[in-house]
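Asks: Here is my input; please provide its structure:
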Amino acid sequence: MNFLIFFSDRLTYKCLLPFFIMEKICIIFLGTSNAIPTSKRSHTAILLQYKNENILIDCGEGTQRQFKIAKISPNKLTKIFLTHWHGDHVLGLPGLFQTLHMNNYQKILNIYGPQKTKQFIEELKKLFRLKLNTNVHEVFSKFIDEKEFYLEAASMDHDTPCLAYSFVIKEKLRLDKKEIGKLKLPNSPLIGKLQEGKDILFEGKKIKAKDVAYKEPQRKVTFVLDTSFNQNAITLAKNSDLLICESSFTQEESERAKEYKHLTAHDAATIAKKSNSKKLILTHISQRYEHNPSQILEEAKKVFKNTTLAEDFDVVEI
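Replies: Residues are numbered from 1 along each chain as shown. Just a heads-up that it's a prediction; the model follows:
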């Protein structure tokens, strides 16, 4: 699987073009700090784009401004996934909701999160008098199963109810357009049968599906934010093409990591290795490492080589 990473100087992203939206999963890091933002890093917020889906994972303070800087309309949002209800992951919700209302957001915004999410969303809307149509779901395990993709969640080990998420594009059979063109097949149910892997008869000739179709493999992105090291994270991330994982501490501060129920860079890399993930991106970076983030990266690379460190507005395509 090929990965293309575009760094933060590029604010008009290739992945926003229709060609890429239709073909790729696009990840945009809108915020990559942990509890306290810095001059370079905003609070946690990650946007996943796939075809018509625009899914926001967490919404830290300042997220609506990050949308502006990235030249992305928040009105395109289809879903919000909340990992947990700590301020650095949700304080951007009131401002984002107000912006959506003032921009005449017409859709029903589906919001997914751990227990008490329904209560907290209603309290936010009441407190700030926010008029926005929302549909709130408290989730666990597989919670969306569409024709092309599914989403699943798993409970993490934090000091408040907390989830991690995986977005999975299902394996599917695709037709080779060049081969189909050579056959001069009409636009008919015959095409659909080939795409289902079934052989067909056309003008007295048998056409085998295996000769004109190929399998597009499953693709998987997993988001693990704010947790102690735990088996659920490894299980959820199994065979991920991309694991995006918090990395709040270095190994020399492992006792503090355990106390605050966070991961070290070593922990994150261990999850990537044990889950057989292909690539790891570290995020949720503490202000302690603002001037030397390479120590986080170097620690992880000793365990899992294919690791990079996220910055605000980085973009990854799968």
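
Asks: ok, and what's touching the strand or helix carrying Glu259?
Replies: Taking DSSP states H and E as the criterion, Glu259 maps to helix 254-260. Residues from elsewhere that reach helix 254-260, judged by Cβ atoms under 8 Å, 6 or more residues apart in numbering: Asp159, Ser228, Ser248, Phe249, Leu263, Thr264, His266, Asp267. Any C-beta I mention is one placed from the backbone N, CA and C, and that applies to glycine too.

Asks: ditto for stretch 201-218
Replies: 1, 168-176, 179-180, 183, 185, 190, 193-200, 239.

Asks: let's go with 6 Å and repeat that
Replies: Outside stretch 201-218, the residues within contact range by Cβ atoms under 6 Å, 6 or more residues apart in numbering are 171-176, 179-180, 194, 197-200.

Asks: now do stretch 112-124
Replies: Phe81, Leu82, Trp85, Leu93, Pro94, Val136, His137, Glu138, Val139, Pro161, Leu163.

Asks: same thing but 7 Å
Replies: With Cβ atoms under 7 Å, 6 or more residues apart in numbering as the test, stretch 112-124 has contacts from 79, 81-82, 84-85, 93-94, 111, 130, 134, 136-139, 143, 161-163.

Asks: Please confirm that Leu194 is located within a helix.
Replies: Yes: using DSSP: H, G, I helix; E, B strand; the rest coil, the secondary structure at Leu194 is a helix.

Asks: Could you verify my assumption that it touches Ser188?
Replies: No: using Cβ atoms under 7 Å, Leu194 makes no contact with Ser188, being 10.6 Å away.

Asks: neighbour-wise, which of these two wins?
Replies: Ranked by neighbour count (other Cβ atoms under 10 Å), Leu194 and Ser188 place Leu194 first, with 26 against 10.

Asks: Quick check on the residue nearest to the more buried one when sequence neighbours are not counted: phi, psi?
Replies: Nearest residue to Leu194, sequence neighbours excluded (Cβ to Cβ, 6 or more residues apart in numbering): Ala209, at 5.1 Å. Backbone torsions of Ala209, given as degrees, to the nearest 10, read phi -60, psi -40.

Asks: most centrally placed residue in the protein?
Replies: Most central in the chain under Cα atoms, centre = their mean is Leu48, positioned 4.7 Å from the mean C-alpha point.

Asks: hang on, that residue packs against Ile55?
Replies: Yes: counting by Cβ under 7 Å, Leu48 touches Ile55, with 4.5 Å between them.

Asks: circling back: which two of the contacts of helix 254-260 lie the greatest distance from each other?
Replies: Asp159 and His266 (20.9 Å; Cβ to Cβ).

Asks: of those two, who's got more company?
Replies: Regarding Asp159 and His266, a neighbour count based on other Cβ under 10 Å identifies His266 as having more, with 22 against 13.

Asks: how far away is the spatially closest residue to that one that is not a sequence neighbour from Glu298?
Replies: Nearest non-adjacent residue to His266, counting by Cβ to Cβ, 6+ apart: Gln251, 4.5 Å away. As judged by Cβ to Cβ, to the nearest Å, Gln251 and Glu298 stand 11 Å apart.

Asks: Break the protein into its domains for me.
Replies: For the chain, the structural domains run 4-171+217-317, 174-213, going by automatic domain parsing.

Asks: Quick one: distance of stretch 263-274 to the chain centre.
Replies: From the chain centre to the centre of stretch 263-274 is a distance of 18 Å (Cα atoms, centre = their mean, to the nearest Å).

Asks: can you give me the mean pLDDT across it?
Replies: The pLDDT scores in stretch 263-274 average 98.

Asks: Same question for stretch 282-299.
Replies: Stretch 282-299 comes out at a mean pLDDT of 93.

Asks: Give the next helix or strand downstream of the helix or strand containing Asp211.
Replies: Secondary structure assigned from DSSP H and E places Asp211 in helix 209-212. Following helix 209-212 in sequence order, the next helix or strand is strand 213-216 (DSSP H and E).

Asks: residues of that following strand that come out buried?
Replies: By neighbour count on 16 or more other Cβ atoms under 10 Å, the buried set for strand 213-216 is Ala213.

Asks: just the helices in this protein please.
Replies: 18-23, 63-69, 87-90, 93-102, 117-127, 177-183, 189-195, 209-212, 231-236, 254-260, 265-274, 294-301 (DSSP state H).
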